[in-house]
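Peer 1: Please find the sequence and the predicted model below.
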Amino acid sequence: MKDSPISRVSHQSMPASVEPVLLVRDLQKSFGNNHVLNGFNMELFMGENLVIIGKSGSGKSVLIKCLVGLMEPDEGQIMILGKDITTLDQEELDQLRTEIGFLFQGSALYDSMTVRENLEFPLRRHLDKITSSSSNLIEDALDNVGLRHTIDLMPSELSGGMKRRVALARALILDPKIILYDEPTSGLDPITAKEIIELILNIQRQRQTASIIITHDMDCARVISNRMILLIDGQNYIEGTYEELYKSKDPQVQAFFK
Amino acid sequence: MLPNYLFEPLRIYFIEAGAITRFAIRFLKEVFKPPYEFQEFFKQCFLLGYKTLPLVGVTGFIMGLVLTLQTRPTLVEFGAEAWMPSMVGISIVREIGPVVTALICAGKIGSSIGAELGSMKVTEQIDAMEVSGTNPFRYLIVTRILATTIMIPILVILADFIAMTGSYLVENLKGAVTWQLYFNQVFAHLDFSDILPATVKSFFFGFAIGLVGCYKGYKAEKGTAGVGRAANSAVVIASMILFVIDFLAVLVADVFYEL
Ligand SMILES: Nc1ncnc2c1ncn2[C@@H]1O[C@H](COP(=O)(O)OP(=O)(O)OP(=O)(O)O)[C@@H](O)[C@H]1O
Ligand SMILES: [Mg+2]
């Protein structure tokens, strides 16, 4: 699988669902005088890979942290699977979060736990959601990313690429419908990055999940995206397929493709 | 009006004190709410308490040894060496044991909590816990503060005993006192009014060490420098608070026994 060229997801295969699984309206978020998000709008449909690009510090991580309730937006509406997350209480929010996988920018594996315990952690509060035994589930999840042999290692014993894959397995363990990837390939060599991209594409094919992928890596965006949004000044500056953005004459857009 | 170079540090001081107080109130609100994280609590008791025992033991032993070696000549001069055990007992139980043990724990435990939580914070591990349905405040903070609150009084009591053993050793070498006689002497003059305030004080010491370490780690700023600062200021602030608590404890105990 490693050697095969990464195949491009065709747009035609995208199931046309009318109801978005995730909807953001007029999102605003400031830190003091720093207005990071300024009326951001977005929709995400089932089975789709949406890539968000933007300069460093433009608020991409802030945006997806707002989506899972890690940050509270100042203003605006966030609907996930038909629920307005700003109105949910803690228990409802936790329940909704089981439907969302989150891959953190720096993997965020728990240093003091083994790989097994890392994968067990999301399961401890949601045993009702699991049908097979949890140790089977963990082994299968690691198989999926090709790292079963690392099950008893500590995160400090893994390479950066392995950490990213374990973190991916952890994000997927509750079989979420929506997955948020914060720069899944940053800091990895091109070959490892390619493997991660393959994994993300496989997940989309097998599970028909909806994903938001934040990235700086335009090769990754080209291969992975069904649709792209460019975030500038806290707003969705332009939206379209990779080709549409690539052909755009706008210098602000062109700057990303150089 | 205050000049700016005085005003600014004062302002920061009050903001910080307010924030730590709010953190403590949040702890008190969360501590009784289920789900309880027993497993993590016992793990922390082991890591924070048991693993500090060697350090506390060695310090306590030397404390008792030195205290006895240094006071003995003076007491001998007045022909009062029979008072040695009770004097050492009282000073260790009332003041030296709790304060020295707590200071050592502020150094070891406070910095380790500050650094651990600080690095979990800056590498987004705390965020990761939150999105996987575990309340990180309850899982990380409540368990650690409870663990220090319970383990430090126990460490203090152990340190007291070890210190008195050190003291006994000196007495035994110089004056051939038996173990039994020595400890009879110690306890003959140790009152409930010596032991109770010291123990209550130790609980507060433990609470303060856990609280400040957790607060500093949980609020650590981005970057690896933030982790270092969190660990460092956890130790400094906790040590300062220990002395304030010690002072208040003396005042309160005084009022109590005047009555
Ligand atoms: N907790 C916070 N407190 C204050 N400011 C913050 C906080 N988090 C983010 N910011 C600010 O928000 C802005 C956007 O940050 P964010 O992390 O979303 O950038 P990003 O687009 O993800 O960048 P990168 O590509 O480097 O990850 C930055 O200016 C940052 O300083
Ligand atoms: Mg980011």
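Peer 2: Happy to help now that I have it. These figures come from a predicted structure and were not determined experimentally. Residues are numbered from 1 along each chain as shown, chains lettered A, B, ... in the order given. Ligands and ions are numbered 1, 2, ... in the order given.
Peer 1: rest of the way, CA atoms for contacts and neighbours
Peer 2: Noted.
Peer 1: what's the weakest-modelled helix or strand in chain B?
Peer 2: Counting by mean pLDDT, DSSP states H and E, chain B has its least confident helix or strand at helix B:179-188, which shows a mean of 88.
Peer 1: Is there contact, residue-wise, from the helix or strand following that helix to chain A?
Peer 2: Counting by DSSP states H and E, the next helix or strand C-terminal to helix B:179-188 is helix B:192-218. No. Applying Cα under 8 Å from any Cα of the partner chain, one finds helix B:192-218 separated from chain A by no less than 14.5 Å.
Peer 1: What residues of helix B:192-218 count as buried?
Peer 2: Across helix B:192-218, burial judged by 16 or more other Cα atoms under 10 Å in any protein chain shown covers B:194, B:197-199, B:201-218.
Peer 1: Now do residue A:246 against chain B, distance only.
Peer 2: Between residue A:246 and chain B the distance is 33 Å, computed by Cα to the nearest Cα, to the nearest Å.
Peer 1: Which elements pack onto the least confident helix or strand of chain B?
Peer 2: For helix B:179-188, the contact count by 3 or more Cα pairs under 8 Å, 6 or more residues apart in numbering or on different chains; DSSP states H and E identifies helix B:84-91 as packing neighbours.
Peer 1: immediately after the helix it packs on, which helix or strand?
Peer 2: helix B:97-105.
Peer 1: which bits of chain A sit near ligand 1?
Peer 2: Taking Cα under 6 Å from any ligand atom as the test, the list of chain A residues beside ligand 1 reads A:31, A:36, A:56, A:57, A:58, A:59, A:60, A:61, A:62.
Peer 1: How about the stretch 1-150 of chain B: which residue is closest to ligand 1?
Peer 2: Of all residues in the stretch 1-150 of chain B, residue B:122 sits closest to ligand 1, at 10.4 Å by Cα to the nearest ligand atom.
Peer 1: Show the backbone phi and psi for that residue.
Peer 2: phi -70, psi -20 (degrees, to the nearest 10).
Peer 1: What residues does it make contact with?
Peer 2: With contacts defined as Cα atoms under 8 Å, 6 or more residues apart in numbering or on different chains, the neighbours of residue B:122 are B:220, B:221, B:222, B:223, B:224, B:226, B:227.
Peer 1: Quick one, which of those are buried?
Peer 2: B:220, B:221, B:226, B:227.
Peer 1: Surely the first one is within a helix?
Peer 2: Just to be clear, that refers to residue B:220. No. Looking at residue B:220 with DSSP: H, G, I helix; E, B strand; the rest coil, it is coil, so not inside a helix.
Peer 1: Surely it is in contact with residue B:232?
Peer 2: No. Using Cα atoms under 8 Å, residue B:220 is not in contact with residue B:232; the gap is 11.3 Å.
Peer 1: Now name the helix or strand holding residue A:58.
Peer 2: Going by DSSP H and E, residue A:58 is not in any helix or strand.
Peer 1: domain ranges for chain A?
Peer 2: A:22-99+A:176-257, A:113-175 (automatic domain parsing).
Peer 1: Tell me the span between the first and last residue of the first one.
Peer 2: Just to be clear, that refers to domain A:22-99+A:176-257. Terminal residues of domain A:22-99+A:176-257 lie 28 Å apart, using Cα to Cα, to the nearest Å.
Peer 1: Likewise for stretch A:153-168?
Peer 2: Termini of stretch A:153-168 sit 16 Å apart (Cα to Cα).
Peer 1: That one close to chain B?
Peer 2: No. On the criterion Cα under 8 Å from any Cα, stretch A:153-168 is out of touch with chain B, staying 10.0 Å away.
Peer 1: pLDDT (mean, whole number) over that stretch?
Peer 2: For stretch A:153-168, the mean per-residue pLDDT is 94.
Peer 1: quick one: buried residues of it?
Peer 2: Residues A:154, A:155, A:160, A:161, A:162, A:163, A:164, A:165, A:166, A:167, A:168 are the ones in stretch A:153-168 that count as buried (16+ other Cα under 10 Å).
Peer 1: could you measure the first one against chain B, distance?
Peer 2: Spelled out, that is residue A:154. 15 Å.
Peer 1: residues near residue A:251, how many?
Peer 2: A count of neighbours around residue A:251, defined by other Cα atoms under 10 Å in any protein chain shown, yields 8.
Peer 1: pLDDT wise, what is it at?
Peer 2: For residue A:251, pLDDT reads 90.
Peer 1: Most neighbours out of the residues of chain A next to ligand 1, which is it?
Peer 2: Ranked by neighbour count (other Cα under 10 Å), the residues of chain A next to ligand 1 have residue A:60 at the top, with 25 neighbours.
Peer 1: hmm, stretch A:93-110 touching chain B?
Peer 2: Yes. Shown here: stretch A:93-110 in contact with chain B (Cα under 8 Å from any Cα) through A:94, A:95, A:97, A:98, A:102, A:104, A:106, A:108, A:109, A:110.
Peer 1: tilt between the longest helix anywhere in chain B and helix B:192-218?
Peer 2: Identified as the longest helix of chain B according to DSSP state H is helix B:224-258. Helix B:224-258 and helix B:192-218 are oriented at 160 degrees to each other (axes from the mean of the first three to the mean of the last three Cα atoms, to 10 degrees).
Peer 1: Measure how helix B:224-258 sits relative to helix B:97-105, angle-wise.
Peer 2: 170 degrees.
Peer 1: Name the residues of helix B:224-258 that are buried.
Peer 2: Residues of helix B:224-258 classed as buried: B:226-235, B:237-239, B:241-242, B:245-246, B:249-250 (neighbour count, 16+ other Cα under 10 Å).
Peer 1: and it, how far from the chain's centre?
Peer 2: Between the centre of helix B:224-258 and the centre of its chain there are 9 Å (Cα atoms, centre = their mean, to the nearest Å).
Peer 1: Residues of chain B that sit close to chain A?
Peer 2: So chain B meets chain A at B:120, B:123, B:124, B:125, B:127, B:128, B:129, B:130, B:131, B:132, B:133, B:134 (Cα under 8 Å from any Cα).
Peer 1: Look up how far residue A:89 lies from the last one.
Peer 2: This means residue B:134. 14 Å.
Peer 1: The second one now?
Peer 2: Using Cα to Cα, residue B:123 is found at 27 Å from residue A:89.
Peer 1: what's the answer for the first one, then?
Peer 2: To residue A:89, residue B:120 is 25 Å away according to Cα to Cα.
Peer 1: More neighbours: these two, which one.
Peer 2: A count of neighbours by other Cα under 10 Å puts residue B:120 above the other of residue B:120 and residue A:89, at 23 against 9.
Peer 1: distance of the residue of the stretch 1-150 of chain B closest to ligand 1 from residue B:7?
Peer 2: Taking Cα to Cα as the measure, residue B:122 falls 31 Å from residue B:7.
Peer 1: Please apply the same query to residue A:110.
Peer 2: Counting by Cα to Cα, the gap between residue A:110 and residue B:7 amounts to 41 Å.
Peer 1: higher neighbour count, these two?
Peer 2: Higher neighbour count among residue A:110 and residue B:7: residue A:110, with 23 against 12, using other Cα under 10 Å.
Peer 1: Per-residue pLDDT of the more buried one, please?
Peer 2: Residue A:110 carries a pLDDT value of 96.
Peer 1: Let me know whether residue A:104 touches residue A:182 as I believe.
Peer 2: Yes. Counting by Cα under 8 Å, residue A:182 is a contact partner of residue A:104 at 5.4 Å.
Peer 1: Farthest pair within the residues of stretch A:93-110 next to chain B?
Peer 2: For the residues of stretch A:93-110 next to chain B, the farthest-apart pair by Cα to Cα is A:95 and A:106; their separation is 24.7 Å.
Peer 1: neighbour count winner among those two?
Peer 2: Neighbours per residue, other Cα under 10 Å: of residue A:95 and residue A:106, the larger number sits with residue A:106, 19 against 15.
Peer 1: Spell out which residues of chain A are next to chain B.
Peer 2: Residues of chain A lying close to chain B by Cα under 8 Å from any Cα are A:68, A:70, A:94-95, A:97-98, A:102, A:104, A:106, A:108-110, A:121-122, A:125.
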